[in-house]
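> I need the structure of the sequence given here:
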Amino acid sequence: MRATIFSLRKIVLKRPAHSVVMAAQMKASMKTTLLGLGLAVTVIPVAVMFAFIKLMGADVVRAATSEFRGASVENAKRATLDMRRMCEIVRTGETNASDAARAAILAAFAELGEPSLSKAASDIPTRVPGNPDSESIKRIRLLKFGKFTADPNMPDDDPQNAVARAVNRLKDRLRCEMAVYVKTDDGLVALAGTGPASDGKRAAGAVIPASDDSPARVSIFRSGADASRSMDANYIPLASPDGEIIGGIYFGLRRTSAAELEDYFKALKIGGTGIVWVVDDSDGRNPVIRISGDSSAVGVPVADDNIRARADFFLKALAKAKTLRGSEVAVDSLSLPMGQAGEAARLVTYAYYKPWNWLVGTMTDEREFQAGRADLAEQTDTLTRKIVLAGAIFAATAIGIAWIMASRMSRTIRALARVANYQSRGDIAAAEKILSGKSSVVAEFDELFKAVLLMARSLTRLISALKLRGEDVAERAGRISETSDTLDVIASEEAASTKNAASTGSKILGASEALNKNARGSAFEVSRTLDIARESGESLRLLKNNYDALTAASENVAGKLAVINGNVEKITGIVTTINEVSRQTNLLSLNASIEAEKAGEFGLGFAVVARQIRRLADKTSVASANIENIVRQMQSSVNSGVMEMDRFGAKMRQSSKIIMETADMLARTVSDIEAIGPQFEGIASGIGELSENARRISATMLELSDSSVRARDRISEFRAAVKSLDAVSVSVLEAVARFKIDGGGGAK
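Model prediction:
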């Protein structure tokens, strides 16, 4: 309400000169404003777009280059993994072929029979291939398969040579080379075979010396394969019925798939300039470059490569690749000379295929990334130039349109300036007359003039109403001001009282909560004390039972000790008797010794017996004396034990009596505590309800205090508004007197 009154006051009390100045400023700056608006509408978006492209262009280029490189690295890694997978697929196919051939060979020889050595030896012409001086006749035991003997003296096409015929049938069927060897002291001797030996002669009779450490010599005693670039050499050991290795079967499969895979890798390209490469480390000593983008390096050992940077890289990569796990791919970079163009950086990825000892990888020229970056930067610059050109065209068009509109609107503003001039002087009737005329100057803004005319008429009605109601408002404002003063005083007193009541309620709440806490704590302690007392009563009852048991046990022990004491008395009598017997025996032995002395040499034997009897009597006397001492000590200990047990029993009976009295007192205490417990719980419950009521009262008093403060603040605001209304009503009456609201136009 106050804001509305102040706004009305500002509108009514404006000075006439201010309206004229505003109209003049509007007329003078219209063209400039429209031109600036048109220019801003077109230039600012273009400038913002230009700045955005310039600022973001470099980031976009960097991000795009990073993405290009990342995508290229991922593609190269996938290509490397694909190469490794193709090697594995080819190897799996060859392994399956070897397994199938092995199964077929085992089945064919199983049809012939179990392998064994012939009982009789045969003379066989033998030789070491490549050594003409090694030809000789050896007498060896031949291999037998069931009833068929592998005899190298028989021609391979002899119908009786079942082993040779089986070997040749398997060759035609499996497309492999085969040989059957027998083990001798000197090495291995071929008994049958499909192709010529390394010296071009018949395979039968060829010898692998025992001193030869070739893979064939070693592998003949196990089931395995020795792979080379052109052949898979497989060996099947032959054992006698008692498990001794007596020979072996060799079969070799040609590795055509690996050669085809190499041809495929040579034709493979990665991107525009990328290539694949393979380094073969089959022998483990001198790796060879099998595939490379440089045809002059194919088949060259890495150590002999004329580009040292590439050779060093391959050796380091081979060592690193052997440490990779599973399908892991390494990523690296390599700089290679490019003739007159200097050196070029290459992105290299590689992986290791262990079954073939191959290092496979890709190599991509990093200049491909730079070319993509240059294309992206060129496109960004082209887009920037197009945006600037389009912005300039739009700016020129907007400025032309703004100039035309500003020229047409300036004529209308001149007419509006005349209307504003009359209104600023308070001559509403003259302004209404101009607006009602609808001259051709203002025809283009018909709706605008209608609005201004409506404003002028509304202003006339407002001024008339203000003149009629001004005095009434001033009078009522005075009465309201007096009432608001009284309300302010009452509200202040009520707020102070409410605040004191709220403070008292808070104190009551704090005290009640503390009392509630103490009451609940007391109830808990009473319950806890009751539980402890019950447990103590039970413990006392158990203790009494234990004391009673101990008393009975002590009485039982005392009885046993009395029995022992009686037995000790009996033992004492027996010991006394033994002592007496020992004394009499000693006297008898003495008399016997005297009689033996009298008898001379006829009593020597009797004298010896008398001496032994006397010694025995002495020992018996000593032993009985010791027994008597022990018995007396035992009797003393038993008597002491009996007295101690009597005293212990008396103490136990006295303690049992005290325990019973304590248990009775504790039982009465438990009964009293059980009677007090419900009373404490009732007190705690009542105090809890009191605390809850105090909490609600405190909350209500706080809300009431806040409401009183808000009411006092609103009354103060109301007083200020009433005073402002009083002042405004006086000012309005003074200002209204200046306006003319009829054709005569006299001031009132």
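
> Helix or strand next in line after the helix or strand harbouring residue 72, which one?
Here residue 72, judged by DSSP states H and E, is contained in helix 16-112. For helix 16-112, the following helix or strand on the C-terminal side (DSSP H and E) is strand 115-128.

> what's that following strand packed up against?
strand 131-145, strand 207-209, strand 245-254 (3 or more Cβ pairs under 8 Å, 6 or more residues apart in numbering; DSSP states H and E). Quick note: C-beta positions are derived from backbone N, CA and C, even for glycine.

> mind checking which of those strands is nearest residue 668?
The minimum distance between residue 668 and the helices and strands packed on strand 115-128 falls on strand 245-254, with 99.9 Å, by Cβ to Cβ.

> residues in contact with the closest one?
For strand 245-254, the external contacting residues (Cβ atoms under 8 Å, 6 or more residues apart in numbering) are 94, 97-98, 101-102, 105, 109, 115-117, 143, 170, 174-183, 188, 191, 216, 220-221, 230-240.

> Quick check: closest non-adjacent residue to residue 194.
Residue nearest to residue 194 in three dimensions, not counting chain neighbours: residue 171, with 4.2 Å by Cβ to Cβ, 6 or more residues apart in numbering.

> just checking, that neighbour is part of a helix?
Yes: according to DSSP: H, G, I helix; E, B strand; the rest coil, residue 171 belongs to a helix.

> Go ahead and confirm it touches residue 164.
No: using Cβ atoms under 8 Å, residue 171 is not in contact with residue 164, being 10.7 Å away.

> Looking only at neighbour counts, state which of the two leads.
The residue with more neighbours, out of residue 171 and residue 164, is residue 164; 25 against 16, by other Cβ atoms under 10 Å.

> List the contacts of the more buried one.
150, 154, 155, 156, 157, 158, 192, 204.

> and what of residue 291?
Each residue near residue 291 by Cβ under 8 Å, 6+ apart is listed here: 262, 265, 266, 276, 277, 278, 298.

> Among the residues you listed, which ones are in strands?
276, 277, 278 (DSSP state E).

> follow-up on the earlier one: most tightly surrounded among the helices and strands packed on strand 115-128?
strand 245-254 (a mean of 21; mean count of other Cβ atoms under 10 Å).

> Each with direction, which strands does that strand pair with?
strand 177-183 (antiparallel), strand 231-239 (antiparallel) (DSSP bridges).

> Make CSV out of the ones you listed and add distance to residue 132, mean neighbour count and mean pLDDT.
Below are these laid out as CSV (distance: least, Cβ to Cβ, whole Å; neighbours: other Cβ atoms under 10 Å; pLDDT from 0 to 100):
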stretch, distance to residue 132, mean neighbour count, mean pLDDT
strand 177-183, 21, 23, 90
strand 231-239, 25, 19, 83
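
> now the ones you listed in JSON lines, with distance to residue 621?
Below are the strands paired with strand 245-254 laid out as JSON lines (distance: least, Cβ to Cβ, whole Å):
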{"stretch": "strand 177-183", "distance to residue 621": "96"}
{"stretch": "strand 231-239", "distance to residue 621": "92"}
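
> To residue 290, which of those strands lies closest?
The nearest among those, by Cβ to Cβ, is strand 231-239 at 16.7 Å.

> Kindly export the closest one (C-alpha atoms) in CSV.
Presented in CSV, the C-alpha positions along strand 231-239 are these (Å, rounded to 0.1, in the frame of the first residue of the first chain):
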residue,chain,number,x,y,z
MET,A,231,57.1,-79.0,-41.7
ASP,A,232,55.6,-80.3,-38.5
ALA,A,233,57.7,-83.2,-37.3
ASN,A,234,55.6,-85.5,-35.0
TYR,A,235,56.9,-88.5,-33.1
ILE,A,236,55.0,-91.4,-31.6
PRO,A,237,57.0,-93.6,-29.2
LEU,A,238,56.6,-97.4,-29.3
ALA,A,239,56.8,-99.4,-26.1
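
> list the contacts for the residue nearest to residue 135 when sequence neighbours are not counted?
Spatial nearest neighbour of residue 135, excluding adjacent residues (Cβ to Cβ, 6+ apart): residue 127 at 4.4 Å. Listed by Cβ under 8 Å, 6+ apart, the contact set of residue 127 reads 134, 135, 136, 199, 201, 205, 206, 207.

> Tell me the helix or strand right after the helix or strand hosting residue 309.
Mapping residue 309 onto the secondary structure by DSSP H and E places it in helix 308-321. Reading on from helix 308-321 to the C-terminus, the next helix or strand found by DSSP H and E is strand 330-337.

> helices and strands around that following strand, which ones?
helix 16-112, helix 308-321, strand 343-353.

> and stretch 573-590, which residues are buried?
575, 578, 579, 582, 585, 586, 589 (16 or more other Cβ atoms under 10 Å).

> now the residues you listed in TSV, with secondary structure and pLDDT?
TSV is the format used below for these (DSSP: H, G, I helix; E, B strand; the rest coil; pLDDT from 0 to 100):
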residue	secondary structure	pLDDT
575	helix	76
578	helix	81
579	helix	77
582	helix	76
585	helix	80
586	helix	76
589	helix	74
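
> hmm, back to that, farthest pair in the contacts of residue 291?
276 and 298 (12.4 Å).

> number of nearby residues for the nearest residue to residue 273 once chain neighbours are set aside?
Leaving aside its sequence neighbours, residue 273 sits nearest to residue 365 (Cβ to Cβ, 6+ apart; 4.3 Å). Using other Cβ under 10 Å, residue 365 is surrounded by 20 other residues.

> ok, residues contacting stretch 589-598?
Stretch 589-598 has contacts (Cβ under 8 Å, 6+ apart) with 603, 604, 606, 607, 609, 610, 611, 613, 614, 617.

> backbone phi and psi for the last one, please?
Note on residue 617: its backbone torsions stand at phi -70, psi -40 [degrees, to the nearest 10].

> Correct me if wrong: it contacts residue 579.
No: in this structure, residue 617 is not within contact of residue 579 by Cβ under 8 Å, at 10.5 Å.

> before we move on, the earlier item: when residue 276 and residue 298 are compared, which one has more neighbours?
Per other Cβ under 10 Å, whichever of residue 276 and residue 298 has more neighbours is residue 276, with 24 against 16.

> could I get the helices and strands packed on strand 115-128 as JSON lines with mean pLDDT and distance to residue 292?
Listed next are those as JSON lines, based on pLDDT from 0 to 100; distance: least, Cβ to Cβ, whole Å:
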{"stretch": "strand 131-145", "mean pLDDT": "88", "distance to residue 292": "39"}
{"stretch": "strand 207-209", "mean pLDDT": "85", "distance to residue 292": "37"}
{"stretch": "strand 245-254", "mean pLDDT": "87", "distance to residue 292": "25"}
